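Novice: Pasting the sequence and the predicted model now:
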Amino acid sequence: LFNPKQEVNIGLVGKYVELQDAYKSILESFIHAGAANECKVNVVSIHSEYITEKNVDDKLKSMHGILVAPGFGERGIEGKIIAVKYARENNVPFLGICLGMQMAVIEYSRNILGMEDAMTTEITKNTSHPVIDLMEDQKSLTIKGGTMRLGAYSCQIEENSLAHKVYGTTEISERHRHRYEVNNNYVEALEEGGLRASGRNKDTGLVEIVELPNHPYFIGVQFHPELKSTPERPQPLFVSLVKAAIERKNGQN
């Protein structure tokens, strides 16, 4: 076992926190990333269903980093959005995975771009700002069983982005498990408003990575990076999140 030189607290915000197996790959990824940083990572499970504007500071103020977890369905959605807002406004290192990335897009659309009812059509079919929507090629499919985007897809990363710094390359392949995507009709407004779309699927042009350039570490990914992390090859997004959390704890950001 490695001897950690320090430790950090990472808040894992999700709605399945009572089921450790639900986030097993994420927890293991933090072990790998901790070893890479010679740091013990204390993953603190925070139930998104119970996060409110009033208690979010109490729940998250001792966290050096925040991960908003993947998931499906409506339960705990607003709590995830509040957690994203807290990370963004307080410069807390943030990683959003799949639904967590989508919540970052919704939070930014609502609170920075003024789209008050911005939402995913997975939850609110008739929102006037469907910033997250069903993928175009699936709208015609009525039986939802086989419509999910599954497996590995390549992603083109823009140079001089946080994603490029994290991965050290302009092309990656990561695994997917989702139906809904960032709605391309809103990407221009999001980018003009300061949320950068730094990674896209080469074939479809769909947004895979979003980030905030004026934040110490704020990145959301549509894919599931935790599924490829190993002790020998710790996943770069987790390694860099832990590094950013260490820097926050040490007052470097």
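Specialist: Perfect, thanks for sending it.
Novice: Let me see the ranges of the strands in the stretch 1-150 of the chain.
Specialist: 6-14, 39-47, 65-68, 94-97, 132-134, 149-157 (DSSP state E, counting those that start in this stretch).
Novice: can I get those in TSV with mean neighbour count and distance to Arg110?
Specialist: (C-beta placed from N, C-alpha, C; glycine too.) As requested, those are exported to TSV (neighbours: other Cβ atoms under 10 Å; distance: least, Cβ to Cβ, whole Å):
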stretch	mean neighbour count	distance to Arg110
strand 6-14	23	17
strand 39-47	19	21
strand 65-68	29	15
strand 94-97	28	15
strand 132-134	22	12
strand 149-157	16	25
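Novice: just so I know, which of those strands lies nearest Ala83?
Specialist: strand 6-14 (4.5 Å; Cβ to Cβ).
Novice: What mean pLDDT does the closest one get?
Specialist: For strand 6-14, mean pLDDT is 95.
Novice: Show me what that strand is in contact with.
Specialist: 22-23, 26-27, 30, 38-48, 51, 59-60, 62-71, 76, 79-80, 83, 100, 241-242, 245-246, 249 (Cβ atoms under 8 Å, 6 or more residues apart in numbering).
Novice: where in the stretch 51-200 of the chain is pLDDT low?
Specialist: Counting by pLDDT under 70, the stretch 51-200 of the chain shows low-confidence ranges at 135-151.
Novice: and stretch 244-253, how far out from the chain's middle?
Specialist: 19 Å (Cα atoms, centre = their mean, to the nearest Å).
Novice: An error on my part: the question was meant for stretch 110-128.
Specialist: With Cα atoms, centre = their mean, you get 18 Å for stretch 110-128.
Novice: center of this structure - which residue?
Specialist: Gly96 (1.0 Å; Cα atoms, centre = their mean).
Novice: isn't that residue right next to Gly220, touching?
Specialist: Yes: Gly96 lies in contact with Gly220 (Cβ atoms under 8 Å); the separation is 3.5 Å.
Novice: intersection of neighbour lists for these two?
Specialist: Gln102, Ala104.
Novice: Would you quantify the distance from the residue nearest to the centre of the chain to Lys40?
Specialist: 23 Å (Cβ to Cβ, to the nearest Å).
Novice: list the contacts for the residue nearest to the centre of the chain?
Specialist: So Gly96 contacts Leu67, Val68, Val84, Gln102, Met103, Ala104, Ile219, Gly220, Val221 (Cβ under 8 Å, 6+ apart).
Novice: got the buried residues for stretch 240-252?
Specialist: For stretch 240-252, the neighbour count (16 or more other Cβ atoms under 10 Å) marks Ser240, Leu241, Val242, Lys243, Ala244, Ala245, Ile246, Glu247, Arg248, Lys249 as buried.
Novice: Send over it as PDB, restricted to the C-alpha atoms.
Specialist: Extracted in PDB, the C-alpha atoms of stretch 240-252 (Å, rounded to 0.1, in the frame of the first residue of the first chain):
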ATOM      1  CA  SER A 240      -6.400  15.800 -12.400                       C
ATOM      2  CA  LEU A 241      -9.500  16.300 -10.200                       C
ATOM      3  CA  VAL A 242      -7.600  15.000  -7.200                       C
ATOM      4  CA  LYS A 243      -4.600  17.200  -8.200                       C
ATOM      5  CA  ALA A 244      -6.900  20.300  -8.300                       C
ATOM      6  CA  ALA A 245      -8.500  19.300  -5.000                       C
ATOM      7  CA  ILE A 246      -5.000  19.100  -3.400                       C
ATOM      8  CA  GLU A 247      -4.200  22.600  -4.800                       C
ATOM      9  CA  ARG A 248      -7.400  23.900  -3.400                       C
ATOM     10  CA  LYS A 249      -6.700  22.400   0.000                       C
ATOM     11  CA  ASN A 250      -3.200  24.000   0.000                       C
ATOM     12  CA  GLY A 251      -4.600  27.300  -1.000                       C
ATOM     13  CA  GLN A 252      -3.100  27.300  -4.500                       C
END
